[in-house]
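[1] I would like to see how this sequence folds:
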Amino acid sequence: MVATYCPAAERRAVTSSPLAMNAGLSKRSAGAFRLPRRSVLRGKDAFSGLFKNGTRIAGTFTDLRFVVTEGPAPDIRVAFIAGRRLGNAVRRNRGKRLLREAYRLQQHFLDPVKQSSATVLHIGFILKNSRATYPQLHEETGRLVQKLAKMLTDNPEES
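    Residues are numbered from 1 along each chain as shown. Prediction:
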């Protein structure tokens, strides 16, 4: 069997990261946009506080809920939520995956919030439409995150 040259396989090997494919960035610079496990919101108390005391910013395809709490160090924790009414597990998981990717690429808008205060910010993105496309979710997530950053930098006591 003779090995043949395949330029498509070579391109896939060079640009395996979705960020590198979309923005023309190398894998090294793509590391700046990571979403580490420690920044994912977990725990029953955190979720109940988010829904009980949180402020809602509405969007067409997603809602953003956030709550600002006191903590030892500034931190941002994020949750991606899709209710059962959106469809089967495949649709819900795909929607959450798209939301996670859209937030991951736009989390840098919250850097001023993280640096300006010693509070913990809990954010929940709630998917409202499982048929939303990635460009729609990307645009809306960016708009919601920028709106949140503006609210928190203009009025840091908001919760």
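[2] excluding its backbone neighbours, what's nearest the residue nearest the centre of the chain?
    The centre of the chain sits closest to Tyr103, judged by C-alpha atoms, centre = their mean, with a distance of 2.5 Å. Closest residue to Tyr103 apart from its sequence neighbours, by C-beta to C-beta, 6 or more residues apart in numbering: Thr141 at 5.5 Å. To be clear about C-beta, it is placed using only N, CA and C from the backbone, and glycine gets the same treatment.
[3] so how far is Tyr134 from Ala89?
    Going from Ala89 to Tyr134 by C-beta to C-beta, to the nearest Å gives 19 Å.
[4] From the neighbour counts alone, determine which of those two ranks first.
    Taking other C-beta atoms under 10 Å, Ala89 and Tyr134 do not tie; Tyr134 has more neighbours (14 against 9).
[5] quick one: contacts for that one?
    Going by C-beta atoms under 8 Å, 6 or more residues apart in numbering, Tyr134 touches Leu98, Glu101, Ala102.
[6] Touching stretch 139-148 from outside, list them.
    57, 59-62, 64, 66, 99, 102-103, 106-107, 109-110, 113, 123, 125.
[7] rerun that using 7 Å as the cut-off
    With C-beta atoms under 7 Å, 6 or more residues apart in numbering as the contact definition, stretch 139-148 has outside contacts at 57, 59-62, 64, 66, 99, 102-103, 106, 109-110.
[8] Domain ranges for this structure, per the record?
    The chain breaks down by automatic domain parsing into domains covering 1-33, 34-154.
[9] May I see these arranged in TSV, with mean pLDDT as well?
    Below are the domains of the chain laid out as TSV (pLDDT from 0 to 100):
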stretch	mean pLDDT
domain 1-33	51
domain 34-154	92
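[10] Buried deepest among the ones you listed, which one?
    The highest average neighbour count among these, using mean count of other C-beta atoms under 10 Å, belongs to domain 34-154 at a mean of 16.
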